[in-house]
Structures are given as C-alpha cells and as structure tokens.
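**Q** got a predicted structure plus its sequence, pasted below:
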Amino acid sequence: MMCDELESMSCAMDARSSMSHSGDQDASVANIFIMFFAAAIGGYVLSSFVLLRSPGILHRKKEHRFAARHISHRGGAGECTENTIDAYRRAVSAGTELLELDVHLTKDNQVVVIHDDNLLRLTGMNCLISELRYEELPVLKRELDVSFARGVVMEDSENRTIPRLKDVFEEFPDVPINVDIKVDNDVLIATTADLIAQFKREKLTVWGNTSSKVTEKCYSVNPSIGLLFSMRRVVQIVILFYCGLLPYFPIRETHLEIPMPHCFFHFMPNPSKKQRFIVALMDKLLMRRSLFEHLQKRGIPVYLWVLNDPIEWDRAFNELRVDGVMTDFPSKLATYLKQHNV
C-alpha cells in the first residue's frame, strides 16, 4: 500500500515537472518571437527614417528640368484677363518662371487655352467648346471674377481672344509651361503631345490632371514629358509617407503641385465648423515639410497653389520651403521675391 502511494506521488511530481518544462519552453518561444518582432519593427523604423532623409541610397535623383519659384496661375488672372496671350506676356515681363494654363479641344480639333468646358462664365455664351469650331469661339468677357481672390474682378479691354496652345508655344518658346488637360479626351491628349513634340518642349513642359485616368494616358502617350501627380497619387504618397513606406517606392511623376488647403476658404464666405475642421485636417496632413524635403531630394519640385497673399508666401517659402508658388498676381509676387531675397 505504501509503495503504491509513493509511486503515485512520484508520477504526479514527474507530470508537474514535465508541465513546468513545457511552460518554460512556451515562454522561451514567446520571448524569442517578441524579441524578433521588436528587432524587425526597430529595423524598419530606423531604415525608414534614414531613407526618408537620404533617398539617394535607393533612388537616383531625377534630372531638374527647370526651376520655378514664380508661377502664374492662368497667366495671372488677377492682373490680366485669364489665359490670354496678353496675360502671359505681362506675367513673363514680371519675371514669372512657369506659366500655368488649361486646355480643351474644339469641334475642329484645335487645342485651345481656356479653363471651363462651357463658355458661359467666361464669354456669356451657354455652349460647350467642343461644339464650336475655333473661328466660331467668342471673345472673353471684359469683366471676370478672380476665382481665388474673393471679391476681386478683373477688368480688361485688351485682346480677349481665346488663344490656341500652338500660339502660346510660338510666342514663348523658352518659357516653361504647365499644361492642365481639363477633360478625358484621347484626341486632346494626343494632339497636345504632338504640339509639345513639334515645338521640342518635352523638357520645358509638365502636364497632367487631377484625374488619375487622364494622367495615366498622358504618361503612356509620351513618358518623356514632365508629369504631375493626380489626386489619387497625392493621397497614395501621403499614406505611404505616414506609414514610413514612401522611401521604398519608386515615383515616376516629376512635379508635385498641390493646393495649400486654406486657399479653399476663398470659396467659403462663411465656412461652418465642419468645413473649418476639414480644411485644418487637410492642412495638417498635406503641409509637411519633411514630406516635401524627401520629394525634393528625389528631384521632385514642390509647388503650392493658388497663393495670393504675402502671409501665404511667407509660410510657403520660409516654413514649408517649397520650390515655388502659383499666384493670380505675378507683379506682386515678383516684388515680394525681390524684397525678401527668396
């Protein structure tokens, strides 16, 4: 009887010892896993930090096509009738380094420089550009509201003819031009690409659209022309930036051109709390100097639009250190740049 009890106690002790040994093994495996996971996370964070600051380790820096601190929005819509030859002449004489313009296609396949697809706001005629031949297009109104300067009306009695893109290329052969393809039209994209090639402007032109579909088509037609980020691509790089993954991804776009979110208040006379919150959130997420510096080190210049106030220019150049700003007032921006030695 005594022997049976001793044997039972021995078996129980062996079982407890086996369980304890098994528990120690499980704990050891868990500790190894935790250490491995911590090392992997630490290595990822460290490498992301290093590559964010030194992207040249992984990526060849893009060739600088041109420098542009001073960009004229629609040729300077606050000082001359928007998107006209006179506006571009005035902007260039003021010292602009990049002309921004918009293009559409007429019924007879002429690429014309104009912002809206419907002529009502700009000419008073309620008609689509695509429905008229070039010689049928009316002249622009004498008075036009400046979109990004609330309450400002541009009054101009000079030449208000809607120009063709080829007219602009002929007039300004050496001036860099930003072409905004306003609609998803294969003929418009192909014809614009042909004009850029005809005038040998691949290195002096950047084009695209907020639509990723349009931007993809632009790239496929001629990948040697400078390319803007679409809205979807901007969202992607912001997400990648905050995840620490941006340094690992190749970027084919050549220029980042985004709004400073506060410019949207020009369209909100009395913004609600919700609207103010959304704009503030966008500003917090988008206006990141470290993001801009990373892109600049990869050879991608950063431009902000549409800034018409010295306070905005101060923030853009001094706080965010962007490469250039787009404005409706070329002469005022030129004076600012000269006075502040930017």
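**A** Here it is on my side, so go on.
**Q** what distance separates the start and the end of stretch 70-78?
**A** End-to-end distance of stretch 70-78: 15 Å, with CA to CA, to the nearest Å as the criterion.
**Q** next: stretch 318-336.
**A** Here stretch 318-336 reaches across 13 Å from its first residue to its last, counting by CA to CA.
**Q** show the pLDDT at Asp26.
**A** The score at Asp26 is 58. That number is its pLDDT.
**Q** how about Leu120?
**A** Among the per-residue scores, Leu120 holds a pLDDT of 98.
**Q** identify the residue spatially nearest to it, adjacent ones excluded.
**A** Nearest residue to Leu120, sequence neighbours excluded (CB to CB, 6 or more residues apart in numbering): Asn126, at 4.6 Å. For glycine as for every other residue, the C-beta is placed from the backbone atoms N, C-alpha and C.
**Q** so who does that neighbour touch?
**A** Contacts of Asn126 were listed using CB atoms under 8 Å, 6 or more residues apart in numbering, and they are 118-120.
**Q** identify all contacting residues around stretch 186-204.
**A** Surrounding stretch 186-204, the residues in contact under the criterion CB under 8 Å, 6+ apart are 65-66, 103-105, 109, 111, 165-166, 169-170, 173-177, 179, 181, 205, 207, 214, 217-218, 221-222, 224-226.
**Q** hey, what's the residue positioned nearest the centre of the chain bridged with?
**A** With the centre of the chain defined as its mean C-alpha position, the nearest residue by CA atoms, centre = their mean is Glu257, 3.3 Å away. In this structure, Glu257 has the following beta-bridge partners (DSSP bridges): Tyr303.
**Q** could you do Ile177 as well?
**A** The partner list for Ile177 in beta bridges (DSSP bridges) reads Leu99, Thr205.
**Q** Ile251 versus that one, what's the distance?
**A** Taking CB to CB, to the nearest Å as the measure, Ile177 and Ile251 are separated by 22 Å.
**Q** and for Ile225?
**A** Summarising the geometry, the distance separating Ile225 from Ile251, computed by CB to CB, is 16 Å.
**Q** cool, and Lys141?
**A** Lys141 sits at a distance of 41 Å from Ile251 (criterion: CB to CB).
**Q** ok, the two, which is more surrounded?
**A** Set side by side, Lys141 and Ile251 show more neighbours around Ile251, with 20 against 16, by other CB atoms under 10 Å.
**Q** the more buried one contacts His294, doesn't it?
**A** No: with contacts counted by CB atoms under 8 Å, Ile251 stays clear of His294, the gap being 10.1 Å.
**Q** run a quick neighbour tally on Leu307.
**A** 28.
**Q** okay, now the unreliable bits of the stretch 1-150 of the chain?
**A** Within the stretch 1-150 of the chain, the set of residues satisfying pLDDT under 70 comprises 1-27, 29-31, 33, 35-44.
**Q** the strands in it, which residues?
**A** Residue ranges of the strands in the stretch 1-150 of the chain, as given by DSSP state E, counting those that start in this stretch, are 70-73, 98-105, 111-113, 143-145.
**Q** which other residues reach the following helix or strand past the last one?
**A** For strand 143-145, the following helix or strand on the C-terminal side (DSSP states H and E) is strand 153-155. Outside of strand 153-155, the residues that reach it under the criterion CB under 8 Å, 6+ apart are 77-82, 142-146.
**Q** switch to 6 Å and redo it
**A** With CB atoms under 6 Å, 6 or more residues apart in numbering as the contact definition, strand 153-155 has outside contacts at 143-146.
**Q** could you dump the residues you listed to JSON lines with neighbour count and distance to Asp323?
**A** As requested, the contacts of strand 153-155 are exported to JSON lines (neighbours: other CB atoms under 10 Å; distance: CB to CB, whole Å):
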{"residue": "Glu143", "neighbour count": "11", "distance to Asp323": "34"}
{"residue": "Leu144", "neighbour count": "20", "distance to Asp323": "29"}
{"residue": "Asp145", "neighbour count": "13", "distance to Asp323": "29"}
{"residue": "Val146", "neighbour count": "22", "distance to Asp323": "24"}
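**Q** wait, which of those residues is closest to Ile57?
**A** Val146 (45.0 Å; CB to CB).
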